[in-house]
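Participant: here is the input, now give the coordinates:
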Amino acid sequence: MARTDHSFPAGSGSPAAAPAALRGRGAVTNVRHRFQRDDRVQVDDGWSASGLPADFVESVPEFSSDASSAARVIPILPDSRLAPAAPKTTVTAEEARKMLSRNDSPDIPFDVAVNPYRGCEHGCVYCYARPTHSYLGMSPGLDFETRLVAKANAVQALRAELSRPGYKPSPINIGSATDAYQPIEREWRLTRGLLELMLETRHPLTIVTKNALVARDVDLLAALAEQKLVVVYMSITSLDAGMARTLEPRAAAPWRRLETVRTLTEAGVPVGVLVAPVIPFINDESMEHILQESKAAGAHYASYTVLRLPWEVKTLFEDWLNIHFPDRAQRVLHRIEDLRNGRRNDPNFGSRMRGTGIWADLLRQRFAVATRKLGLNRHRLALDCDRFQPPLAPNATPSLFTAAASGTSVASSSDFQSPVGAQASSGVPFSDGLPAVSGAVGRGARQLRAIAAGQLSLFD
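Facilitator: Numbers count the residues shown, from 1 in each chain. Modelled structure (predicted):
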């Protein structure tokens, strides 16, 4: 194991200079993203400290019997103009050219994913998807959790891709980057539309979420589960409500996530739990307790990952530490470096999910002992890909013989309705044809090496 040099402070920030926390938000600032060429900072030069005209004067309160000693001074009052307004969540609609996103990463157990939203209102400060907002010209900080984008045509775009000739079904993960059940899903209902399409086509899928809103779709999930087409993974980082509010301000409370696990299990939906991410000296001591309560609620599977700090997430997480845990900020950062071979982030396959070194080995042993005692991960559910039925293309009339063979009634496909007043901002037209994506070359060999090294995750 490489020795980490701790002679210099791990963090460049100072708790005393850290910005103030915002209620209901994970990030505290809009950090400069990596494609931004300039940076603008608001500075108070002292001229507008009072917010009043320069000739405005006021008498000093009389605190002595000698009234003639009262002097006239310019008061120094706080300037309300310098206090930023609380950021509000805005949602912009866009038309997506395609929905399926493919990967060949050996440490990710799925090769195709769908994300109906860009950005996430949950505001998890540690979210590895924050840097994706940089591609939109927005900050991975507050912009990621306040300036959201909804793919209003998600259902139609996915239907078009699934109906392509030669499409081969593979379990689709919904919510691999941003949570598909974040609060705006209550109004947009894009995820429910995707589930209806999955049930119609009998397509296997997995869901990752930390919101109890997933229980709203228990009717669709139960129908999918009857045909071995779905597994739901609930992410739980802590059972302490206060800690959860700090880490994930707008995600469901821990007890609600456990209740959701119980609700889905009682409906026959297979459920797993993700202790992710594990943050040293923040929530690492809760691993066994989370697994125990999840098993009691009905979970069958479990996995964990260690905190990742790619790109701008490093700065955001350090600011968050200095604000909420200034007493242990440097200690946390040093331990992260121990897990990452002296660095804050390790992008390498096989080690990026669970770290390396003695502390990573300790976490791995704790997880293995806990899951063995609780009876988790004793069997794996193989999702059925043989039931897939290609969907009808938009405005196509189904064959009477095809409908009879599949046991479904002939019905026209209905378009998903966006919220009233929603307008597409991008105006991106659909292309005449979507590019064919070939299978992942070498994925199987890399997965075998990852399994041999004991590093395969997220849901192994």
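Participant: ok, the residue nearest the centre of the chain to residue 125 distance?
Facilitator: Centrality entry for the chain: nearest residue to the mean C-alpha point is residue 178, 4.2 Å, by C-alpha atoms, centre = their mean. Computed as C-beta to C-beta, to the nearest Å, the residue 178 to residue 125 distance reads 15 Å. In this view, the C-beta of every residue, glycine as well, is placed from N, C-alpha and C.
Participant: quick check, pLDDT for the closest residue to residue 196 other than its chain neighbours.
Facilitator: Spatial nearest neighbour of residue 196, chain neighbours left out: residue 220 (6.5 Å); criterion: C-beta to C-beta, 6 or more residues apart in numbering. We have a pLDDT of 97 for residue 220.
Participant: for residue 220, the count of nearby residues, please.
Facilitator: When counting by other C-beta atoms under 10 Å, one arrives at 18 neighbours for residue 220.
Participant: before we move on, back to that, my read: the residue nearest to the centre of the chain touches residue 129, true?
Facilitator: Yes - with contact defined as C-beta atoms under 8 Å, residue 178 reaches residue 129; the gap is 5.6 Å.
Participant: anything in contact with each of those two?
Facilitator: Common neighbours of residue 178 and residue 129, using C-beta atoms under 8 Å, 6 or more residues apart in numbering, are residue 120.
Participant: and residue 306, how many neighbours?
Facilitator: Neighbour number of residue 306 under other C-beta under 10 Å is 25.
Participant: from memory it sits against residue 277, does it?
Facilitator: Yes - using C-beta under 8 Å, residue 306 is in contact with residue 277, at 6.1 Å.
Participant: tell me the spacing between the residue nearest to the centre of the chain and residue 219.
Facilitator: 24 Å.
Participant: now swap in residue 137 and tell me
Facilitator: On the measure of C-beta to C-beta, residue 137 and residue 219 end up 40 Å apart.
Participant: and what of residue 339?
Facilitator: For residue 339, the distance to residue 219 - C-beta to C-beta - is 42 Å.
Participant: of those two, who's got more company?
Facilitator: Taking neighbours as other C-beta under 10 Å, residue 339 and residue 219 compare with residue 339 leading, 24 against 12.
Participant: quick one: contacts for the more buried one?
Facilitator: Residue 339 neighbours (C-beta under 8 Å, 6+ apart): 280, 306, 346, 355, 356, 357, 359, 360.
Participant: excluding sequence neighbours, find me the nearest residue to it.
Facilitator: residue 355 (3.5 Å).
Participant: so the one you found, which state does it fall into?
Facilitator: Local secondary structure at residue 355 is given as coil here, using DSSP: H, G, I helix; E, B strand; the rest coil.
Participant: can you report how many residues lie near it?
Facilitator: 25.
Participant: check contacts around it.
Facilitator: 306, 339, 340, 346, 363 are the contacts of residue 355 under C-beta under 8 Å, 6+ apart.
Participant: and the last one, which helix or strand is it part of?
Facilitator: Pointing back at residue 363 there. helix 358-374 (DSSP states H and E).
Participant: list the buried residues in that helix.
Facilitator: 359, 360, 363, 364, 366, 367, 370, 371, 374 (16 or more other C-beta atoms under 10 Å).
Participant: show me what it is packed against.
Facilitator: helix 287-297, strand 301-306, helix 329-339 (3 or more C-beta pairs under 8 Å, 6 or more residues apart in numbering; DSSP states H and E).
Participant: pick the most deeply packed of the ones you listed.
Facilitator: strand 301-306 (a mean of 23; mean count of other C-beta atoms under 10 Å).
Participant: low-confidence stretches in the stretch 251-400 of the chain?
Facilitator: 393-400 (pLDDT under 70).
Participant: do that again at 50, thanks
Facilitator: 400 (pLDDT under 50).
Participant: for the residue lying closest to residue 128 once chain neighbours are set aside, list the residues it contacts.
Facilitator: Closest residue to residue 128 apart from its sequence neighbours, by C-beta to C-beta, 6+ apart: residue 308 at 5.0 Å. By C-beta under 8 Å, 6+ apart, the residues touching residue 308 are 126, 128, 277, 345, 346, 352, 353.
Participant: widest-spaced pair of those residues?
Facilitator: 126 and 346 (15.0 Å; C-beta to C-beta).
Participant: and the strands in this protein?
Facilitator: Counting by DSSP state E, the chain has strands at residues 58-59, 72-73, 90-94, 101-102, 112-114, 117-118, 147-151, 172-174, 205-209, 230-235, 271-278, 301-306.
Participant: ok, residue 137 - how many residues close by?
Facilitator: Residue 137: 10 neighbours (other C-beta under 10 Å).
Participant: ends of stretch 180-196, how far apart?
Facilitator: Stretch 180-196 has an end-to-end distance of 14 Å (criterion: C-alpha to C-alpha, to the nearest Å).
Participant: quick check: chain neighbours aside, which residue is closest to residue 293?
Facilitator: Closest to residue 293 by C-beta to C-beta, 6+ apart is residue 258, at 5.8 Å.
Participant: also residue 328?
Facilitator: Per C-beta to C-beta, 6+ apart, closest to residue 328 is residue 281, 5.4 Å.
Participant: what of residue 266?
Facilitator: residue 298 is the one closest to residue 266 (C-beta to C-beta, 6+ apart), at 7.1 Å.
Participant: swap in residue 301?
Facilitator: Excluding the flanking residues, the one nearest residue 301 by C-beta to C-beta, 6+ apart is residue 272, at 3.2 Å.
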